[in-house]
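> Kindly return the folded structure for what I paste below:
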Amino acid sequence: MKTIKIVDPVTRIEGHMKIEITVDTVIGQQQIVDARTSGTLFRGFEKILEGRDAQDATVITQRICGVCPISHGMASVMAVENAALYTPPPNARILRNLTLGTNFLQSHILHFYLLAALDFVPGPQTSPWLPVWDFDLKDHPDLAAVASHLPQAIEARRRAHEMGAVFGGRMPSSHTYIPGGFSATPTQERIDLFYSHLNWLIDFIRNIYLADVNTVAEIYPEYLSIGKGCENLLTYGVFDLDDTGATKLLKPGYVESQDGLIKESINDRDITESVTFSWYADSADNLTPAVGDTQPIFPKGDAYSWLKAPRYLDKPFEVGPLARMWVNGDYQRGVSVLDRHASRAQETLKIAKAMADWLGELIEGDPVYETLSGRAIGSGIGLTEAPRGALGHWVDIANGKIQHYQVLTPTCWNASPKDGNNVPGPIEQALIGTPVQDSDRPVEALRIIHSFDPCLSCAVHLLRLDRNPETSAKPVILR
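Residues are numbered from 1 along each chain as shown. Take a look at the predicted model:
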């Protein structure tokens, strides 16, 4: 007999998310046979930006998310500068990379130790960590060792934030990302302070974080084959290594599951968004973000999410550390729950080591900024990466004012609803077919969802409370 379980809210993620799974018996084994991911709040940032000064975008968009604001600042400043056909000075490029890198480090460490590891290891036996499911946690002494590193992980995240503030001025949101360059200058004192934090973090990542991820993989090897999803992987690329933007630490590209070939370019005109199952006006269906609109319609037919359904070449694509590391040839073991965790940890070390090199490229006294006043006009695109995956900002500017703005976040890619062809999104596909030990405690679903590190605060932001929607099943609260 089919049973429907609603996980609402999905806890230990950023923002508000609901998952509805249908569990049925298939060949004597209970498994998930259908899944629907729902972003339960509406984000109105695109509308907030209309009519604003173009230079306001970088400040306002960083308020979309408190975990990856620097990525939004980067995407926004890239979009405005793209409209102005402007390239910032080398010092600005390096300072942006360094500050963005700190945001990647803190987010990846946060994700594993505070949001995902507790699916596999026992956490602190106190509030707010309790109550918790004591279910399918294996009894192994090495898992206790992983849990014991939680205080160091919290210190690591603090250090990463302090390191980001050296050049960023403040964290988590930095106001040093400005159209025209960067508002902080490199000094030897700042470089030395940054480097002292970075050395500590490299040691933590190399000797503790990577080892803990490997420990979980050794004790839960079944999760190296659970949670595959669509197996299409996509990245815009990030961390420019020269002033042309042609060479990046993590290059752009995509892989389609049917051929496995890496294509090392992305055509933004092939990015579209379906709204068939999203609470948006159908007039925005299958448009590129360059011309798409954010016009909410609630309720609407069979729609079930405030997330649109991004597609590339009309197909769903998973984005994130696994996609980036796969396209770059750094990690290609497989696509699964633990592959996402392993690739994220390895990427953390790759970025941290690159940051040490970038510090040596800064030149005291060289310019970091050039005034763009009056130059930003027309259309611009900023394609970059947030810790969770591909992030894009699209802007149209006239007379210095924003006429149109669109944001396409990583979690919109990963947690998208079905599209107009009834094709589920990546997380939905990763859930479907997964065996479940206990349909009342579907911890397998929780582990899959957390492996994507969904961030619904990026995806959605505003809720109307004047309606009382009904559900057909009792919600399950997961901690």
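
> Spatially central residue for the protein, please.
Centroid-nearest residue in the chain, with Cα atoms, centre = their mean: residue 388, separated by 2.1 Å.

> hang on, isn't that one packed against residue 414?
Yes - judged on Cβ atoms under 8 Å, residue 388 makes contact with residue 414 at a distance of 7.5 Å. No exception for glycine: its C-beta is placed from N, CA and C like everyone else's.

> Quickly list what's touching both of these two.
Counting by Cβ atoms under 8 Å, 6 or more residues apart in numbering, the shared contacts of residue 388 and residue 414 are 319-320, 452, 454.

> how about residue 249, secondary structure?
strand (DSSP: H, G, I helix; E, B strand; the rest coil).

> who's in contact with the closest residue to the residue nearest to the centre of the chain other than its chain neighbours?
Residue nearest to residue 388 in three dimensions, not counting chain neighbours: residue 410, with 4.0 Å by Cβ to Cβ, 6 or more residues apart in numbering. By Cβ under 8 Å, 6+ apart, residue 410 lies in contact with 319-320, 386, 388-391, 455, 458.

> how about 10 Å then?
Applying Cβ atoms under 10 Å, 6 or more residues apart in numbering, one finds that residue 410 lies in contact with 68, 71, 310, 318-320, 323, 385-392, 452-455, 458-459.

> Now do the end-to-end distance for stretch 25-34.
12 Å (Cα to Cα, to the nearest Å).

> now stretch 224-240
One end of stretch 224-240 sits 32 Å from the other (Cα to Cα).

> what's the distance between that stretch and the middle of its chain?
Stretch 224-240 has its C-alpha centroid displaced from the chain centroid by 11 Å (Cα atoms, centre = their mean, to the nearest Å).

> Please identify the buried residues of it?
224, 226-240 (16 or more other Cβ atoms under 10 Å).

> what mean pLDDT does the host helix or strand of residue 163 have?
Assigned by DSSP states H and E, residue 163 belongs to helix 150-168. In this model, helix 150-168 has a mean pLDDT of 96.

> So in that sheet, which strands flank whichever helix or strand comes after that helix, and in what orientation?
Toward the C-terminus, helix 150-168 is succeeded by strand 177-178 as the next helix or strand (DSSP H and E). Take DSSP bridges as the rule and strand 177-178 pairs in its sheet with strand 181-182 (antiparallel).

> Which residues does the strand it pairs with contact?
Here strand 181-182 makes contact (Cβ under 10 Å, 6+ apart) with 77, 81, 86-89, 91-96, 98-99, 167-168, 174, 176, 367-372.

> Pull out the buried residues from the residues you listed.
Going by neighbour count (16+ other Cβ under 10 Å), these have 77, 81, 86-89, 91-96, 98-99, 167-168, 174, 176, 368-369, 372 buried.

> how about stretch 107-121: buried residues?
For stretch 107-121, burial by neighbour count (16+ other Cβ under 10 Å) applies to 107-113, 115-121.

> Would you mind finding the longest helix in the protein?
As assigned by DSSP state H, the longest helix anywhere in the chain is helix 337-359.

> That helix versus helix 150-168: what angle between them?
40 degrees (axes from the mean of the first three to the mean of the last three Cα atoms, to 10 degrees).

> Helix 337-359 packs against which elements?
For helix 337-359, the packing partners by 3 or more Cβ pairs under 10 Å, 6 or more residues apart in numbering; DSSP states H and E come out as helix 90-110, helix 150-168, helix 188-204, helix 210-219, strand 238-240, strand 248-250, helix 321-327, helix 443-451.

> so which of those gets nearest residue 141?
helix 210-219 (10.2 Å; Cβ to Cβ).

> could you give the mean pLDDT of the helix or strand following that closest one?
Sequence order places strand 233-235 as the next helix or strand after helix 210-219, per DSSP H and E. Throughout strand 233-235, pLDDT has a mean value of 98.

> neighbouring contacts of strand 233-235?
Contacts for strand 233-235 (Cβ under 10 Å, 6+ apart): 248, 250-257, 260, 262-263, 266, 271, 310, 312-313, 315-328, 332, 335, 383, 385, 389-390, 413, 426.

> helix or strand for residue 437, which one?
Element membership of residue 437 [criterion: DSSP H and E] is none; it lies in no helix or strand.

> give me the number of residues near it?
Counted with other Cβ atoms under 10 Å, residues neighbouring residue 437 total 12.

> Excluding chain neighbours, what is closest to it?
Per Cβ to Cβ, 6+ apart, closest to residue 437 is residue 136, 6.4 Å.

> ok, that neighbour - contacts?
119-120, 220, 437-438, 441, 443-444, 447.

> what helix or strand is the residue nearest to residue 408 when sequence neighbours are not counted on?
Of all residues not flanking residue 408 in the chain, residue 392 sits nearest, at 4.5 Å (Cβ to Cβ, 6+ apart). Assigned by DSSP H and E, residue 392 belongs to strand 389-398.

> Now do that strand, average pLDDT.
97.

> give me the low-pLDDT residue ranges for this protein?
Within the chain, the stretches with pLDDT under 70 are 1, 373-376, 457-479.

> If we use 80, what do you get?
Applying pLDDT under 80 to the chain flags residues 1, 43, 66, 127-134, 372-376, 457-479.

> Go ahead and confirm residue 322 touches residue 328.
No - using Cβ atoms under 10 Å, residue 322 and residue 328 do not qualify as a contacting pair, with a distance of 11.0 Å.

> Have a look at the two and say which one is more surrounded.
Shown here are residue 322 and residue 328; by other Cβ under 10 Å, residue 322 has more neighbours (28 against 21).

> list the contacts for that one?
Per Cβ under 10 Å, 6+ apart, neighbours of residue 322: 229, 233, 235, 331-336, 339-344, 347, 389, 451-452.

> OK, contacts around the residue nearest to residue 195 when sequence neighbours are not counted?
Excluding its sequence neighbours, the residue lying closest to residue 195 (Cβ to Cβ, 6+ apart) is residue 359, at 5.8 Å. Residues in contact with residue 359 (Cβ under 10 Å, 6+ apart) are 94, 98, 186, 190-192, 194-195, 198.

> and residue 359, how far is that from residue 157?
The span separating residue 359 from residue 157 equals 21 Å under the rule Cβ to Cβ, to the nearest Å.

> same question, residue 229
28 Å.

> likewise residue 176?
20 Å.

> again with residue 290
Taking Cβ to Cβ, one finds residue 290 at 36 Å from residue 157.

> coming back round to it: show the buried residues in the contacts of residue 410.
Buried among those (16+ other Cβ under 10 Å): 68, 71, 310, 318-320, 323, 385-392, 452-455, 458-459.

> if we can go back for a sec, including distance to residue 64, could the helices and strands packed on helix 337-359 go into a markdown table?
Converted to a markdown table, the helices and strands packed on helix 337-359 look like this (distance: least, Cβ to Cβ, whole Å):
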| stretch | distance to residue 64 |
| --- | --- |
| helix 90-110 | 13 |
| helix 150-168 | 17 |
| helix 188-204 | 26 |
| helix 210-219 | 28 |
| strand 238-240 | 18 |
| strand 248-250 | 22 |
| helix 321-327 | 20 |
| helix 443-451 | 21 |
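
> Name the stretch among those that sits most buried.
Compared across the helices and strands packed on helix 337-359, helix 321-327 shows the largest average neighbour count, a mean of 27 (mean count of other Cβ atoms under 10 Å).
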